[in-house]
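**Student:** have a look at this prediction, sequence included:
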Amino acid sequence: SSPGTGGTTATLGRYVRYRQHCTRVLCADAERSVFFDFYQSGDASLRLDCGSRIEGIGRPRVEASFLPKVIDAMVKVPDALSLAAMHYLAERLGRRVGGSSGTNLIGALVAAQQMKAAGESGSIVAILCDGGERYATTYYDQAWLAGQGYALAGLISAVAASVEQGEPLPANILRANI
């Protein structure tokens, strides 16, 4: 799950612990968000000058509803990778999704890579949290993407290779605390 205010992720983590499920919760954070850094440092006073470019998730300050103690792992996902995953999902599903759904897919892929490396098996669930219709003039507009400096073709291919062939995502662009 990716944190907007962190409430959904915290609820998932609290529920897993309350029910004593053999389940781990990974939080996938947006590029311009303080949650990952707070998770690592414990410093709730962290602030950024601006918020996330992925609508609906990430915050420039720590929200009280974000509870890092009930989260088992986090990954910081670059915006370009979130958008590439969003485009991959839209193509694969035949309907548009939003950027935070792309962020969640990257989190799921990171979890799968970690499980594979550890010789673990199991199920992975990611939240498809937003439709993409409202992004027709931004995230789905090639001129807008180019104007923002996003060249997604190579990243979309990397996401496809990860999903379809189990190839690892480019490790040099992800920050993880697994």
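**Tutor:** Done, it's in.
**Student:** quick one, phi/psi of the residue nearest the centre of the chain?
**Tutor:** Central residue of the chain (Cα atoms, centre = their mean): residue 103, 2.8 Å from the mean position. Main-chain dihedrals, residue 103, degrees, to the nearest 10: phi -60, psi -40.
**Student:** tell me which residues touch it, please.
**Tutor:** 2, 28, 29, 30, 54, 57, 77, 82, 85 (Cβ atoms under 8 Å, 6 or more residues apart in numbering). Any C-beta I mention is one placed from the backbone N, CA and C, and that applies to glycine too.
**Student:** excluding its backbone neighbours, what's nearest the second one?
**Tutor:** If the residues on either side of it in the chain are set aside, residue 28 comes closest to residue 107, at 3.0 Å by Cβ to Cβ, 6 or more residues apart in numbering.
**Student:** and the pLDDT for residue 69?
**Tutor:** The model reports residue 69 with a pLDDT of 95.
**Student:** what do you get for residue 169?
**Tutor:** Residue 169 is given a pLDDT of 92.
**Student:** so it: helix, strand or coil?
**Tutor:** coil (DSSP: H, G, I helix; E, B strand; the rest coil).
**Student:** the strands in the protein, which residues?
**Tutor:** For the chain, the strands defined by DSSP state E occupy 26-30, 73-77, 175-177.
**Student:** where does the chain have its least confident helix or strand?
**Tutor:** strand 175-177 (a mean of 80; mean pLDDT, DSSP states H and E).
**Student:** now for it, which elements pack on it?
**Tutor:** On a contact count with 3 or more Cβ pairs under 8 Å, 6 or more residues apart in numbering; DSSP states H and E, strand 175-177 meets helix 35-41, strand 73-77.
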